[in-house]
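**Q** No sequence on hand, only this structure:
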């Protein structure tokens with residue numbers, strides 16, 4: 001190595017690919033129908049997460065959602081992260097969630113009572129426990145060239161990011177075309193959808209294998 005090679009030297013560090021954490025449809029329904037009538041603070045967290053999971057909104061965008069952005073059929077948002085102007089049609093679930101707050105009044109005409117991201121992530125894990133999201137997920141990391149694997153329950157990995165991924169994965173599993181999903185999510189790069197498409201394809205393979213048991 002020459003005396004100036006350090007300026008262009010880039011070490012290749014081992015990096016484990018993180019699994020995509022999302023709720024499968026049955027899990028999402030379990031959370032959506034969870035009885036939290038005696039815990040309003042938890043029901044607010046559940047509703048915000050579910051709304052993101054049924055619309056593809058990020059946490060920052062649902063936090064910024066105002067009533068003028070909402071119509072009977074859709075919501076119109078300019079995303080905080082990418083400044084994309086999106087029109088997202090409402091479905092029965094997202095409409096129901098909005099309807100739960102139509103008679104409420106929150107500062108700045110906000111639709112939902114959104115708490116801090118940190119507190120919401122803490123409560124999401126508690127909700128995941130209540131729902132029994134106990135299936136183990138392998139988390140891999142490399143430290144000093146050594147691989148370390150940990151098996152963690154899904155509830156321990158739940159964050160606000162999982163809601164948007166839940167929308168994408170379930171939409172693709174339903175057979176909705178990736179280019180249509182991208183119109184809702186604001187993705188403009190097909191490569192960014194590949195991890196989600198791979199998940200949908202793996203589920204399709206599992207479903208096809210059911211024919212072998214008949």
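**A** Received the coordinates, thanks. The shown structure was predicted, so the numbers you read here are calculated from the model rather than taken from an experiment. Residues are numbered from 1 along each chain as shown.
**Q** Pull the contacting residues for the residue lying closest to residue 30 once chain neighbours are set aside.
**A** Distances taken as C-beta to C-beta, 6 or more residues apart in numbering place residue 131 nearest to residue 30, at 5.0 Å, with adjacent residues excluded. The C-beta positions use only the backbone N, C-alpha and C, and glycine is treated the same way. For residue 131, the contacting residues are 27, 30, 31, 34, 155, by C-beta atoms under 8 Å, 6 or more residues apart in numbering.
**Q** ok, now residue 44?
**A** 112, 113, 115.
**Q** next helix or strand past the helix or strand hosting it?
**A** Residue 44 belongs to helix 40-55 when assigned by DSSP states H and E. Sequence-wise, the next helix or strand downstream of helix 40-55 (DSSP H and E) is helix 59-63.
**Q** Next, name the residue at the spatial heart of this protein.
**A** For the chain, residue 163 is the residue whose C-alpha lies nearest the centre (C-alpha atoms, centre = their mean; 2.2 Å).
**Q** Please report how far that residue lies from residue 142.
**A** For residue 163, the distance to residue 142 (C-beta to C-beta, to the nearest Å) stands at 29 Å.
**Q** quick one on the thing from earlier: now which of the contacts of residue 131 would you call buried?
**A** Neighbour counting by 16 or more other C-beta atoms under 10 Å classes 27, 31, 34, 155 among these as buried.
**Q** Pick the one among those residues closest to residue 200.
**A** residue 27 (15.9 Å; C-beta to C-beta).
**Q** now the residue nearest to the closest one when sequence neighbours are not counted, what's its secondary structure?
**A** Using C-beta to C-beta, 6+ apart and skipping residues adjacent in sequence, the residue nearest residue 27 is residue 133, 6.1 Å away. Here residue 133 is recorded as coil under DSSP: H, G, I helix; E, B strand; the rest coil.
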